[in-house]
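Peer 1: Next input, structure requested:
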Amino acid sequence: MSHGFDYDLVIIGAGVGGHGAALHAVSCGLKTAIIEAADMGGTCVNRGCIPSKALLAAAGRVRELRNAHHLKSLGIQIGHVEFDRQAIADHAGNLVSKIQGDLTNSLKRLGVDIIRGWGRIAGTQKITVSGDGSDKTITAKDIILSPGSVPFVPPGIEVDGKTVFTSDQGVKLESLPPWVAIIGSGYIGLEFSDVYSALGCEITMIEALDQLMPGFDRDIAKLAERVLITPRDIETKVGIYAKKVIPGSPVVIELADFKTKEDLEVIEVDACLVATGRIPATQNLGLESVGVELDRRNFIPVDDRMAVLSAGEVVPHLWAIGDANGKMMLAHAASAQGIVAVENIVGRSRTVDYRSIPAAAFTHPEVSYVGLTETAAKELGQTEGFTVGTSKSYFKGNSKALAENEADGIAKVIYRQDTGEVLGVHIFGMHASDLIHEASAAIAKRESVHTLAHLVHAHPTLSEVLDEAYKRAVTI
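Peer 2: Sure, this is the predicted structure:
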C-alpha cells in the first residue's frame, strides 16, 4: 500500500480516461484519489460524446418522421411532425446529469477519494491542489495526468458563446438559428450538420482543405457526402477558410482561399459553429517542476506504456493519458490508456494497440472505421514491402437493409495481399458504429480475410455486409 505516501495513485482529471484509470486502480488494490477542478466526467460526459448523442437521437427521429417518401415506401403515412427545441435540449441535459451522477457515485462506492480543485505537479510524487482560496499538498507513489482537451479556435475567429460558438456551447442547443455556418467538416461538424439540418436550419459548411471529410477514407467520404450533405439544405465551400469571424446579429465571416490566402467573399449568417478540432489542456500543470517540456503542439510526451518523458527519458512515477498526450483523441482511447498506465504501475507490462481502436460519427446514417485508411495502408506497404488489397460490399445487397429501406451504405476492407491480414475497415451505413466492433476484434487479433471469410453471420442481419466484404477479398 501507500508506503509513506498519502495515496498509491493520484489522478489529475476526472474525465472518461481518469475515471477508467481510477476504477482499474481500485481493482488492483491501489489507494486512489482523483482531482477535478470542473465537471466530473470531463468533456465526453458534459460537452461532447454524451449530450451530442442525445441531440442526434432526437434530431434523427424528427428526420425519420418527416421523411414522408421513406415512410410511404414502408406503407406508413404520418401527419405533421412538430418538436420542442427546449425539450430536446433538456433531454441532453438530463442525460448529462444522470451519467455524471453515475460516474461520481461509482468512484465513491469503490472508495476513491474525490478532491475538488486544480491539481498541479509540485515536484516528484507531489501535487498541490488549489481550491476555495487555499492550497494543500498531497503525495502519491504514482501520478496520472488526464487533463483532457479544449476546442481549437483558429486565429481571426472571435467566440462569444452565443452567436459564434464551439461544440461546448453547441450541445446546449440554446437556439436553432435559421442559417448556421459550420467551420470544419470532421466528425464534429458532420454531427452538428446532421442535428441542425434535421431541425430545419440552413447550413453553410466551410472546409479549408481541398476535400470534405478529410480524415475519412475517400470511398467512404464520397458516398457519405452524397447521402449526408448533397440532398440536405447544406451549402459547402471547400478549399476556403474563415479568415475572420465577427460575432453579432448577423455574424460576419470573411472567407479566403486556403492556398493563396486571396480574399474571396464576405457572408452574413445567423450563427457560426467552430468545429476545427481540439487542442490539449496542458497549461498550468506544474510540469516544469519535474523538468518536463510539452512538445511543439503542447502535448505531454509519453512512451508506449503512458510514462511521461523528459528529453526522451522516462520521468519516474509520472504518467499521462487521454487527449493530453495526443496519441488518439477519443474518449475510449483515453479509457484504454488509463488501464494500460495502471497495469504498468503495478508491474504488468502492457501497451495500447491503436490500430484496433474504432471510431464513429453518429450521423444518419453513421460512419465508422478502425485501422488504416487505404492511403495509409499503401504507405505502410511501400515501407514494409507488401501490396494492399481492398474489397467492398454494399448495403444495397443486404436483405436487412432492404427490409428497413435503408440501403445507402458501404463496407470496405483493406488487407495485405500476401498474408490476408486485415489492416483497416471502414463502414458507412445504418448502425455502422455497432458493426465496426467485429472488425476491431479481427484487427486486434491480426486476423486474415481467409479466416474471416469462413465465419458465419446470422441472416438476415446488417453484419452480413462485413461477411460479404471478407468473402469478396478471398475471391478477388
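Peer 1: Buried ones in the lengthiest strand in the chain, by neighbour count?
Peer 2: Using DSSP state E, we find that the single longest strand of the chain is strand 134-145. For strand 134-145, a neighbour-count test (16 or more other CB atoms under 10 Å) marks 138-145 as buried. No exception for glycine: its C-beta is placed from N, CA and C like everyone else's.
Peer 1: how about that strand as PDB, C-alpha atoms only?
Peer 2: C-alpha atoms of strand 134-145 as PDB (Å, rounded to 0.1, in the frame of the first residue of the first chain):
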ATOM      1  CA  SER A 134      -6.400  27.800  -0.200                       C
ATOM      2  CA  ASP A 135      -3.700  25.300  -1.400                       C
ATOM      3  CA  LYS A 136      -2.900  21.900   0.000                       C
ATOM      4  CA  THR A 137      -0.200  19.400  -0.900                       C
ATOM      5  CA  ILE A 138      -0.700  15.700  -1.200                       C
ATOM      6  CA  THR A 139       1.800  13.000  -2.000                       C
ATOM      7  CA  ALA A 140       1.400   9.900  -4.200                       C
ATOM      8  CA  LYS A 141       3.600   7.000  -5.200                       C
ATOM      9  CA  ASP A 142       2.400   7.500  -8.800                       C
ATOM     10  CA  ILE A 143       0.600  10.300 -10.600                       C
ATOM     11  CA  ILE A 144      -1.500  10.100 -13.700                       C
ATOM     12  CA  LEU A 145      -2.200  13.300 -15.700                       C
END
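Peer 1: So for the residue nearest the centre of the chain, what's the pLDDT?
Peer 2: Centroid check for the chain by CA atoms, centre = their mean gives residue 330 as the closest residue, at 4.3 Å. Predicted confidence (pLDDT) for residue 330: 95.
Peer 1: residues contacting it?
Peer 2: By CB atoms under 8 Å, 6 or more residues apart in numbering, the contact list for residue 330 reads 357, 359.
Peer 1: sec struct for the nearest residue to residue 371 once chain neighbours are set aside, please.
Peer 2: Among residues not flanking residue 371 along the chain, residue 424 sits closest, at 3.4 Å (CB to CB, 6 or more residues apart in numbering). Following DSSP: H, G, I helix; E, B strand; the rest coil, residue 424 is assigned to strand.
Peer 1: still on that earlier bit, kindly reformat the buried residues of strand 134-145 as JSON lines containing distance to residue 188.
Peer 2: Formatted as JSON lines, those follow (distance: CB to CB, whole Å):
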{"residue": "138", "distance to residue 188": "36"}
{"residue": "139", "distance to residue 188": "39"}
{"residue": "140", "distance to residue 188": "35"}
{"residue": "141", "distance to residue 188": "38"}
{"residue": "142", "distance to residue 188": "33"}
{"residue": "143", "distance to residue 188": "31"}
{"residue": "144", "distance to residue 188": "26"}
{"residue": "145", "distance to residue 188": "24"}
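Peer 1: ok, so of those, who is nearest residue 317?
Peer 2: Nearest to residue 317, judged by CB to CB, of the buried residues of strand 134-145 is residue 142 at 4.8 Å.
Peer 1: where does residue 168 land in three-state SS?
Peer 2: helix.
Peer 1: Count residues in the vicinity of it, would you?
Peer 2: Using other CB atoms under 10 Å, residue 168 has 16 neighbouring residues.
Peer 1: can you pull the contacts of the closest residue in space to it that isn't next to it in sequence?
Peer 2: Excluding the flanking residues, the one nearest residue 168 by CB to CB, 6+ apart is residue 47, at 4.5 Å. Applying CB under 8 Å, 6+ apart, we find residue 47 in contact with 167-168, 171.
Peer 1: quick one on the thing from earlier: what does the longest strand of the chain contact?
Peer 2: Contacts for strand 134-145 (CB under 8 Å, 6+ apart): 2-13, 18, 21, 33, 115, 121-122, 125-129, 285, 300, 306, 308, 317-321, 324, 338, 341-342, 345.
Peer 1: Give me the contacts around stretch 225-238.
Peer 2: Contacts of stretch 225-238 (CB under 8 Å, 6+ apart): 185, 190, 193-194, 197, 201-207, 209-213, 255, 363-365, 408, 428.
Peer 1: and that stretch, what's its mean pLDDT?
Peer 2: On average, stretch 225-238 scores 97.
Peer 1: Which positions in that stretch come out as buried?
Peer 2: Using 16+ other CB under 10 Å as the test for burial, stretch 225-238 gives 225, 227-229, 232, 234, 236-237.
Peer 1: Of those residues, just say which sits nearest to residue 60.
Peer 2: Ranked by distance to residue 60 (CB to CB), those are led by residue 228 at 12.1 Å.
Peer 1: State the distance from that closest one to residue 413.
Peer 2: 22 Å (CB to CB, to the nearest Å).
Peer 1: Please, where are all the helices along this structure?
Peer 2: Taking DSSP state H as the test, the helices found in the chain are 16-27, 42-47, 49-66, 68-73, 85-109, 167-170, 187-198, 218-224, 331-345, 374-384, 399-404, 432-444, 449-452, 464-475.
Peer 1: out of the buried residues of stretch 225-238, which one sits closest to residue 26?
Peer 2: Closest approach to residue 26 among those (CB to CB): residue 228, at 42.0 Å.
Peer 1: Distance check, the closest one against residue 430.
Peer 2: Where residue 430 is concerned, residue 228 sits at a distance of 13 Å (CB to CB).
Peer 1: what is in contact with those two at once?
Peer 2: Any residue near both residue 228 and residue 430 by CB under 8 Å, 6+ apart counts here, and that gives residue 365.
Peer 1: where in this protein is pLDDT low?
Peer 2: By pLDDT under 70, the low-scoring segments of the chain are 1-2, 476.
Peer 1: Next, the residue nearest to the centre of the chain: phi, psi?
Peer 2: Residue 330 adopts backbone torsions of phi -140, psi 140, taken as degrees, to the nearest 10.
Peer 1: Quick check: it vs residue 271, distance?
Peer 2: 27 Å.
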